[in-house]
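Colleague: got a structure for you, letters missing:
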């Protein structure tokens, strides 16, 4: 089983974004994703979790664009305040209906 990148290793990679695009820094255990909206980003997180579960695990970092260099242009973060998802506390995308 491969070792997952540590927080320090990920931060060191983010420091390289002035020279390298994010997609060049990714690996089988590390994936950067641009933050879009909660629904799209949750779908991407689920797809990545399935891929990582079928491999050796991995780390997904949101708020980082691919194919761009320069930290200021690459690290975008969410367009709105971030939502924290925890088990049983996922944001609802549907209105409650009659039961």
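Modeller: Nice, I can see it. In this text, all values refer to a predicted model and were calculated from it rather than measured experimentally.

Colleague: Only C-alpha atoms from now on, for both contacts and neighbour counts.
Modeller: Fine.

Colleague: Let me know whether residue 56 touches residue 27 as I believe.
Modeller: No: applying CA atoms under 8 Å, one finds residue 56 not in contact with residue 27, separated by 11.6 Å.

Colleague: Check which residues of the longest helix along the chain are buried.
Modeller: Using DSSP state H to define each element, the chain has its longest helix at helix 38-53. Going by neighbour count (16 or more other CA atoms under 10 Å), the buried part of helix 38-53 is 38, 41-42, 44-45, 48-49, 52.

Colleague: Considering those, which member attains the minimum pLDDT?
Modeller: The member of the buried residues of helix 38-53 with the lowest model confidence is residue 38, at 86 (criterion: pLDDT).

Colleague: now it: how far from residue 51?
Modeller: For residue 38, the distance to residue 51 under the criterion CA to CA, to the nearest Å works out to 20 Å.

Colleague: about what we covered before: distance to residue 77 added to the buried residues of helix 38-53, as TSV?
Modeller: TSV is the format used below for the buried residues of helix 38-53 (distance: CA to CA, whole Å):
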residue	distance to residue 77
38	12
41	12
42	15
44	15
45	15
48	18
49	20
52	22
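
Colleague: Just name the closest of those residues to residue 72, please.
Modeller: Distance to residue 72, by CA to CA, is smallest for residue 41 among those, at 20.9 Å.

Colleague: give the contact list for the closest one.
Modeller: Neighbouring residues of residue 41 by CA atoms under 8 Å, 6 or more residues apart in numbering: residue 35.

Colleague: Tell me how far it lies from residue 61.
Modeller: Computed with CA to CA, the distance linking residue 41 and residue 61 is 11 Å.

Colleague: What is the neighbour count of the closest residue to residue 33 other than its chain neighbours?
Modeller: Spatial nearest neighbour of residue 33, excluding adjacent residues (CA to CA, 6 or more residues apart in numbering): residue 62 at 4.7 Å. By the criterion of other CA atoms under 10 Å, residue 62 has 19 neighbours.
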